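# Model the structure of this input:
(one chain, ligands or ions: 1)
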Amino acid sequence: MSELHKFIFDGLPVRGQLVRLTDAWQELLRRRAANTQTGAYPPPVAELLGEMTAASVLMQGNIKFDGALVMQIFGDGPVKLAVAEVQADLRLRATATLADAVPPGATLAAMVNAGGRGRCAITLDPRQRQEGQQPYQGVVPLVDEGGAPLASLAGVIEHYMRQSEQLDATLVLAADETIAAGLLLQRLPVQGQHNLSQSHVAREDDAGAPGEGVEDDFARLSILARSLRRDELLGLDADTILRRLFWEERLMRFEPLAGLAGPRFACSCSRARVAAMLQGLGQDETESIVREQGQVEVSCDFCGRQERFDAVDVARLFTPPEQQPPLPGAVQ
Ligand SMILES: [Zn+2]
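Numbering: from 1, shown residues only. Reported below is the predicted structural model:
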């Protein structure tokens, strides 16, 4: 089952989260693979999308915000667009649009930043938007401060958090065809101090200033977090990962979020919506598509699910309910 674990380090201004998406991630991939027009994601795209989805859950898990967190990568390579969306209650979905074939083993830069113009945008879209209210959006390029292409999505998000949220963060992400997972550590602001470490923000006070020990703690915990290998993040359960990494720390864990309270796949598409759309299109138009193609087929842009309406379905769609013959076996 997919799960989100939150924890803090007792006495230290550092908090963390660990996410493991299993059933939710597999359902997302299954729907895409079942779409007869797109087929399954190429493995490098699935990996990128899995990391984006895991990172989006971690970021959504971090904020008190009633709305959707949407992570978008606008690529200038074969991956034109990749999107992960996580609601406040951790319902999630994700999709990618390909402009070209993605070779096996393609790097992040080759997929979305071939010409150096790729962008990553994080949008917070309130559930009940006030009139005239714009969703908040932060955008970062897929290069570091020095203009060198970032090698990993985790690096991109860390960069984003430093720039947009002024938060020092350490992120480890991984995904394969069965699981998408991530570990996030964040420095909490301490009264009268910058959140960011000296490496990112020049501080006026020198070495030996109060709070230096605090920075050492975050740096030390970050090194531990970064020692987590890909196969460990993908293959080990949360308890084992946290015990192995932080066995010398006083870790205080919260009740894991799982099941209906945890991260889970959900797409708002439905057959009823497609039916309503066809009714809006009109009987003549819909029937002409059926004559030409034998059926009407509509894919969900987001999850890839296909709904098909054949001639009989379409006839029912445009027949008032009182004139419809009863379905076989229906109780009168
Ligand atoms: Zn859908």
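
# show me where pLDDT drops low in the stretch 1-150 of the chain?
Applying pLDDT under 70 to the stretch 1-150 of the chain flags no residue at all.

# show me where it has helices.
23-34, 43-60, 108-112 (DSSP state H, counting those that start in this stretch).

# which helices and strands sit right next to the last one?
Which is helix 108-112. On a contact count with 3 or more C-beta pairs under 8 Å, 6 or more residues apart in numbering; DSSP states H and E, helix 108-112 meets helix 43-60, strand 79-86. Any C-beta I mention is one placed from the backbone N, CA and C, and that applies to glycine too.

# quick one: the shortest one to helix 43-60, angle?
By that I understand strand 79-86. Per axes from the mean of the first three to the mean of the last three C-alpha atoms, to 10 degrees, the angle that strand 79-86 makes with helix 43-60 is 30 degrees.

# quick one: buried residues of strand 79-86?
Neighbour counts over strand 79-86 (16 or more other C-beta atoms under 10 Å) mark 79, 82-86 as buried.

# for the residues you listed, which one is nearest the ion?
residue 85 (11.1 Å; C-beta to the ion).

# who does that closest one bridge with?
Residue 85 forms beta bridges with residue 70, residue 93, as assigned by DSSP bridges.

# Correct me if wrong: it contacts residue 94.
Yes. Judged on C-beta atoms under 8 Å, residue 85 makes contact with residue 94 at a distance of 6.9 Å.

# Surely residue 112 and residue 72 touch.
No. Counting by C-beta under 8 Å, residue 112 stays clear of residue 72, with 10.7 Å between them.

# can you pull the contacts of residue 31?
267, 303-305 (C-beta atoms under 8 Å, 6 or more residues apart in numbering).

# one more time with 10 Å, if that's ok
Residue 31 sits next to 93, 95, 265, 267, 269, 300, 302-306 when contact means C-beta atoms under 10 Å, 6 or more residues apart in numbering.

# now do residue 289
Counted by C-beta under 10 Å, 6+ apart, residue 289 has contacts 278, 281, 295-297, 309, 314.

# How is this protein divided into domains?
With domains defined by automatic domain parsing, the chain comprises 3-265, 271-323.

# Kindly reformat those as TSV containing distance to the ion.
Formatted as TSV, the domains of the chain follow (distance: least, C-beta to the ion, whole Å):
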stretch	distance to the ion
domain 3-265	7
domain 271-323	3
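
# Can you tell me which of the ones you listed is packed in deepest?
domain 3-265 (a mean of 18; mean count of other C-beta atoms under 10 Å).

# what about it, how long is it end to end?
Domain 3-265 stretches 12 Å from its first residue to its last (C-alpha to C-alpha, to the nearest Å).

# now stretch 136-151
End to end - C-alpha to C-alpha - stretch 136-151 spans 26 Å.

# Quick check: residue 81 vs residue 112, distance?
Separation of residue 81 from residue 112 (C-beta to C-beta, to the nearest Å): 9 Å.

# joint contacts of the two?
The contact lists of residue 81 and residue 112 share 73-75, 96, where a contact means C-beta under 10 Å, 6+ apart.

# Now go through the residues you listed and say which are in strands.
73-74, 96 (DSSP state E).

# okay, those in a markdown table with distance to residue 66 next?
Output for these, formatted as a markdown table (distance: C-beta to C-beta, whole Å):
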| residue | distance to residue 66 |
| --- | --- |
| 73 | 25 |
| 74 | 26 |
| 96 | 27 |
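
# so who does residue 148 touch?
residue 109.

# With residue 251 instead?
7-10, 16, 242-243, 245.

# just residue 85 next, same as before
By C-beta under 10 Å, 6+ apart, the neighbours of residue 85 are 52-53, 56, 60, 68-72, 91-95, 123, 125, 266-267, 302.

# let's see it at 8 Å
If you count contacts by C-beta under 8 Å, 6+ apart, residue 85 has them with 56, 68-71, 92-94, 302.

# ok, now residue 11?
residue 250.

# ok, 10 Å please
217, 249-250, 252.

# Spatially central, which residue of this protein would that be?
residue 53 (2.2 Å; C-alpha atoms, centre = their mean).

# surely it meets residue 93?
Yes. Between residue 53 and residue 93 there is a contact under C-beta atoms under 10 Å: 8.5 Å.
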